[in-house]
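Visitor: model this:
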Amino acid sequence: MNDFEIKLIKYAELVVKVGVNIQPGQVLIVHAPIETAELTRLIVAKAYEAGAKYVIVEWDDEDITRIRYEKAPQDSFDYYPGWEADRMERFAEEGGAILHIKVPNPELLRGIDSAKVAAATKAAAVARKAYSAYTRNSRISWSLIKAPTRAWADKVFADLPEEERMEAMWEAIFHMVRVNAADPVAAWREHIGELKKRQNLLNGKKYRSLHYRAPGTDLQVALPEGHIWRGGGGENEKGVYFVANMPTEEVYTMPHRLGVNGTIRSTLPLNLNGRLVEGITLTFKEGKVVEYDANSGREHLTTLLETDEGASYLGELALVPHDSPISNLNRVFYNTGIDENASCHFALGSAYPVNLEGGTKLSGEELVARGANVSLTHVDFMIGCAELDIDGELPDGTIEPVFRKGNWAQQ
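Guide: Next up, the predicted model:
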């Protein structure tokens, strides 16, 4: 067995034991690109070894995805099968776990009408709303991980000879998920512990607001009363600890829906459902986006903001130091699940109810009344850089530094 095969096995074990943390008798769904078959088979094996009762693999083929947008009737994109939504809701009701190997091709939908993509995305979100409540409220275990595909590696490592790109992508992923450690599971437990320390420090501060300043950015963000900072992972409703994103370097909470004012500029490209949006500028007034622009892909940003009323408000803010493992690779990955862990970021759309005291027991209307945002969408965009300064306002009105020059001001 060569070094790569050993690392791949370690990765599969890490995903099963730390990511979704499969429990004996549990059902697991794995959603995977067909190019990731080797890793997927190992994950299935490790899941059964951990006691999974049944493992379902749902394969994704990006060529088929594009064929739909090229060939399907114009009026078909508002359709999503109700029976599929019902199946996922039943699966969640029975306490299953779900794993996504999420690696969208940044160029997949180049040239496709944004209206088609927006309609299909919204139809799926509406149909799966009940199921999504299980993941958004951490009622079940779920995890998003990464694995190389040829199109993705070609985009990220275009500066390397073609035959070296897949290997380079694998090495980058192994690095960022700590598979190179002698005991990756132990390394992750230590990493989660460090994120928890930062989370606990921020929760103790009870900041009333944060003020962001960087080139192109001057933004005041109020935080709702009872907001909770989280990081690393969390427990599902049965008390099982899982990690929803691998890799993860962030601590995050929710902004007050109506308390965002000023302008912010993105610092990394956004892969929005297979379409790139770059150089985003957003201006907020009383929480809502009132002006916006982008250097490229503006039309895709428009369709995102028009998803529903909540899509024009922020639902998440996350802090990631510029001096961190993924950022220090000094490479854009065109994958939000990675790039957001190299950079401070915000999300347009729905807040996570777990970021508010008692939030998982509140209705949508009650969440909004408490200052949380509710939407069918949740899209992260990156704003971190080496020039970012953030100040925090304490409950007594005192202002103190949180970030200076892109990194934590307080260690």
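Visitor: Name the SS class of residue 48, please.
Guide: helix (DSSP: H, G, I helix; E, B strand; the rest coil).
Visitor: I'd say it and residue 55 touch.
Guide: Yes - the criterion here is Cβ atoms under 8 Å, and residue 48 meets it with residue 55 at 6.5 Å. Every residue, glycine included, has its C-beta placed from N, CA and C.
Visitor: what's around residue 192, how many residues?
Guide: Using other Cβ atoms under 10 Å, residue 192 is surrounded by 18 other residues.
Visitor: OK, contacts around the nearest residue to it once chain neighbours are set aside?
Guide: Closest residue to residue 192 in three dimensions, ignoring its sequence neighbours and counting by Cβ to Cβ, 6 or more residues apart in numbering: residue 232, at 3.8 Å. Contact analysis of residue 232 by Cβ atoms under 8 Å, 6 or more residues apart in numbering lists 191, 192, 193, 195, 196, 199, 243, 248.
Visitor: Quick one: the strands in the stretch 251-400 of the chain, in order.
Guide: 251-253, 260-265, 270-271, 276-277, 281-285, 288-293, 314-319, 345-349, 378-382, 389-393, 399-404 (DSSP state E, counting those that start in this stretch).
Visitor: The ones you listed: which one's closest to residue 226?
Guide: Between residue 226 and these, the tightest spacing by Cβ to Cβ is seen for strand 251-253, at 10.5 Å.
Visitor: Can you name the residues in contact with that closest one?
Guide: So strand 251-253 is contacted by 195, 198-199, 202, 223, 227-231, 316-319, 352, 355 (Cβ under 8 Å, 6+ apart).
Visitor: Partner strands of that strand, with direction?
Guide: If you go by DSSP bridges, strand 251-253 pairs up with strand 230-231 (antiparallel), strand 314-319 (antiparallel).
Visitor: Point out where the stretch 301-411 of the chain drops to low pLDDT.
Guide: Within the stretch 301-411 of the chain, the stretches with pLDDT under 70 are 411.
Visitor: And the chain, by the same measure?
Guide: In the chain (pLDDT under 70), the answer is 411.
Visitor: Go again with 50.
Guide: In the prediction, the chain carries no residues with pLDDT under 50.
Visitor: Show me the helices in it, by range?
Guide: Ranges of helices in the chain, per DSSP state H, are 3-14, 37-49, 62-71, 82-93, 114-127, 129-136, 150-156, 165-176, 184-205, 298-305, 336-339, 364-369.
Visitor: Of the ones you listed, which is nearest residue 330?
Guide: Among the helices of the chain, helix 165-176 comes nearest to residue 330, with 11.2 Å by Cβ to Cβ.
Visitor: got the contact list for that closest one?
Guide: Taking contacts as Cβ under 8 Å, 6+ apart, the residues outside helix 165-176 that touch it are 4, 7, 11, 146-148, 150, 152-154, 156-158, 160, 179-180, 247, 325-326, 329, 331, 333, 338, 341.
Visitor: buried subset of those residues?
Guide: 7, 11, 146-148, 152-154, 156-157, 179, 247, 326, 331, 333, 338, 341 (16 or more other Cβ atoms under 10 Å).
Visitor: Pick out whichever of residue 48 and residue 55 has more residues nearby.
Guide: Neighbour totals were compared for residue 48 and residue 55, and residue 55 leads with 20 against 15 (other Cβ under 10 Å).
Visitor: can you tell me how far that one sits from residue 102?
Guide: 18 Å (Cβ to Cβ, to the nearest Å).
Visitor: do the same with residue 192
Guide: Counting by Cβ to Cβ, the gap from residue 192 to residue 102 is 21 Å.
Visitor: for residue 18, same thing?
Guide: Plainly put, residue 18 is 17 Å away from residue 102 if you go by Cβ to Cβ.
Visitor: So between those two, which is more surrounded?
Guide: More neighbours surround residue 18 than the other of residue 18 and residue 102, with 23 against 19 (other Cβ under 10 Å).
Visitor: quick one: the more buried one from residue 53, how far?
Guide: 20 Å.
Visitor: ditto for residue 272
Guide: 37 Å.
Visitor: Look at these two and report which has more neighbours.
Guide: A count of neighbours by other Cβ under 10 Å puts residue 272 above the other of residue 272 and residue 53, at 23 against 14.
Visitor: Quick check: nearest residue in space to that one, chain neighbours excluded?
Guide: According to Cβ to Cβ, 6+ apart, the nearest residue to residue 272 is residue 300 (5.1 Å).
Visitor: right, and the one you found touches residue 278 too?
Guide: No - the criterion here is Cβ under 8 Å, and residue 300 misses it with residue 278 at 10.4 Å.
Visitor: In terms of neighbours, single out the busier of those two.
Guide: Set residue 300 next to residue 278 and count neighbours by other Cβ under 10 Å: residue 300 wins out with 22 against 14.
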